[in-house]
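Visitor: coords please:
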Amino acid sequence: MFDIVPSEAISEGRATDAYFDRTVAALEAADRNPTVVAEVTADQFPDGSFELLAGVEDAAHLLSGLPVDVDALPEGTLFDGGPVMRIEGRYLDFARYETSLLGFLSHASGIATAALEARLAAPESTLLSFGARHVHPSMAAVVERSALLAGFDGFSHVAAGELLGREASGTMPHALVICFGPGEQEAAWTAFDDAAPPETPRIALCDTYSDETEEALRAARAIDLDGVRLDTTGSRRGDFRHIVREVRWRLDGAGFEDVEIFLSGGLGPAELRDLRDVADGFGVGGHVSNADPVDFALDIVTVEGQSWGKRGKLPDEKAVYRTADGGHDVRRAADPAPENAEELLAPLVRDGEVVREFDLDRAVARTAEDAARVGFGPPA
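Guide: Numbers count the residues shown, from 1 in each chain. Got it, this is the predicted structure:
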């Protein structure tokens, strides 16, 4: 019914670029199938522009069952050059999987990096991922998991939550209020309050028909409110910071000091930095979900133990280290390691068996720790 490549096509190697089929046919006809080392890399040398690695679990499942050995950086590691993954095996055993492998890593890492920019722009605020509507539905769980990896507190997509074992967050859209009509906002807020499960926070959308300050006060008086959400469109927003501060002033003056304020609608790191001291939380959509994928490539660096590679790429098997000062060091695997450095490439798959456990909470903690070590920060 939908333009979705099925999972079995991915796992069987049919979700590939046509030239890999041509390559397999040519090598088989020539009776050539060398043992190679291939590396997944975005930048050859560290350049100080860090990105967050995500998608490793999907990559591991893709390569499981193949007679290959794979090493990879732990998910939640910041990298700025050198390989994030290394594959060793006979080339025809994994050739057709390159397209899907790079897709798993590239898209998730781009989304996670953008989410980390948002997280660090408002480190003390509640952040929810609201961007699933901007991507193909088959991508929703990738978006939400990548946002969680970067430290987001929750997300909105129900099916993604079922897949990830997490409860989706969210209260009401403008459509609910509009269905009751102008002047009937109290009826909409009350209907929501009556129907929502007890554990759902009572957060009312307060900018549909009237001034934000007026609707916020009306909502606070209508139901036992946890918070208000302002999703004012950019064309009507004006000085959004002033609007938020006025809503806070009016709520406090009416005795609703405990009612929190949440903001959404086209917010990125710059807006989060500007508003984080006057709002309690944010829904972030397009900045995360619409992030550009990381431009990973897979390159053969040795063939039958010989140093071979494409012109412009660095041959030889490499090692990657986090240095004592938080740097990222890339060197030949045969060379001595830097002093007091942590080797980052670690076993992922051995002879087709996944040998690493995946724990999202642990990866979230690693993201925060590594971001602090390398000095990662959101764009100015």
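Visitor: what does the helix or strand hosting A159 rub up against?
Guide: Using DSSP states H and E, A159 sits in helix 158-164. With C-beta atoms under 8 Å, 6 or more residues apart in numbering as the test, helix 158-164 has contacts from A132, P137, A140, A141, V143, E144, R145, L148, F155, E167, A168, L360. C-beta here means a position set from N, CA and C on the backbone, and glycine is covered the same way.
Visitor: need the residues you listed in JSON lines (columns: neighbour count and pLDDT).
Guide: Compiled in JSON lines, the contacts of helix 158-164 are given as follows (neighbours: other C-beta atoms under 10 Å; pLDDT from 0 to 100):
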{"residue": "A132", "neighbour count": "25", "pLDDT": "94"}
{"residue": "P137", "neighbour count": "13", "pLDDT": "96"}
{"residue": "A140", "neighbour count": "23", "pLDDT": "97"}
{"residue": "A141", "neighbour count": "19", "pLDDT": "97"}
{"residue": "V143", "neighbour count": "30", "pLDDT": "98"}
{"residue": "E144", "neighbour count": "30", "pLDDT": "98"}
{"residue": "R145", "neighbour count": "27", "pLDDT": "98"}
{"residue": "L148", "neighbour count": "24", "pLDDT": "98"}
{"residue": "F155", "neighbour count": "30", "pLDDT": "97"}
{"residue": "E167", "neighbour count": "12", "pLDDT": "94"}
{"residue": "A168", "neighbour count": "18", "pLDDT": "95"}
{"residue": "L360", "neighbour count": "16", "pLDDT": "97"}
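Visitor: in helices only, show me those residues.
Guide: Of the positions in the contacts of helix 158-164, A140, A141, V143, E144, R145, L148, L360 sit in helices, assigned by DSSP state H.
Visitor: wait, the third one touches V135, no?
Guide: Yes. Between V143 and V135 a contact is recorded at 5.8 Å, counting by C-beta atoms under 8 Å.
Visitor: which residues do the two both contact?
Guide: With C-beta under 8 Å, 6+ apart as the test, V143 and V135 both reach S289.
Visitor: list the buried ones in the helix holding A159?
Guide: Across helix 158-164, burial judged by 16 or more other C-beta atoms under 10 Å covers A160, G161, L164.
Visitor: same check, this time on stretch 320-329
Guide: Buried residues in stretch 320-329 (16+ other C-beta under 10 Å): V320, Y321, R322, T323, G327, H328, D329.
Visitor: end-to-end on stretch 197-207?
Guide: 24 Å (C-alpha to C-alpha, to the nearest Å).
Visitor: only the buried residues of it, if you could.
Guide: R202, I203, A204, L205, C206, D207.
Visitor: the fourth one and E212, how far apart?
Guide: Shown here: L205 relative to E212, a distance of 10 Å by C-beta to C-beta, to the nearest Å.
Visitor: torsion angles phi and psi at the closest residue to G183 other than its chain neighbours?
Guide: Nearest residue to G183 in three dimensions, chain neighbours excluded: Y209, at 7.3 Å (C-beta to C-beta, 6 or more residues apart in numbering). Note on Y209: its backbone torsions stand at phi -120, psi -30 [degrees, to the nearest 10].
Visitor: check contacts around Y209.
Guide: Contacts of Y209 by C-beta under 8 Å, 6+ apart are V177, P182, G183, Q185, E215.
Visitor: ok, back up a step: what is the most widely separated pair among the contacts of helix 158-164?
Guide: Greatest spacing in these, by C-beta to C-beta: P137 and L360 (21.3 Å).
Visitor: next, the buried residues of the helix or strand harbouring V247.
Guide: Mapping V247 onto the secondary structure by DSSP H and E places it in helix 240-253. Residues of helix 240-253 classed as buried: F240, I243, V244, R245, E246, V247, R248, R250, L251 (neighbour count, 16+ other C-beta under 10 Å).
Visitor: chain center to that helix: distance?
Guide: Using C-alpha atoms, centre = their mean, to the nearest Å, the mean C-alpha position of helix 240-253 is found 32 Å from that of the whole chain.
Visitor: quick check: A291 vs I261, distance?
Guide: A291 sits 26 Å away from I261, going by C-beta to C-beta.
Visitor: also E199?
Guide: From E199 to I261 the distance is 21 Å (C-beta to C-beta).
Visitor: try L116
Guide: Separation of L116 from I261 (C-beta to C-beta) stands at 24 Å.
Visitor: higher neighbour count, the two?
Guide: L116 (31 against 22; other C-beta atoms under 10 Å).
Visitor: average pLDDT for the helix or strand harbouring that one?
Guide: Element membership of L116, judged by DSSP H and E, is helix 98-121. Helix 98-121 shows a mean pLDDT of 98.
Visitor: angle of that helix against helix 140-149?
Guide: Angle of helix 98-121 versus helix 140-149, following axes from the mean of the first three to the mean of the last three C-alpha atoms, to 10 degrees, is 40 degrees.
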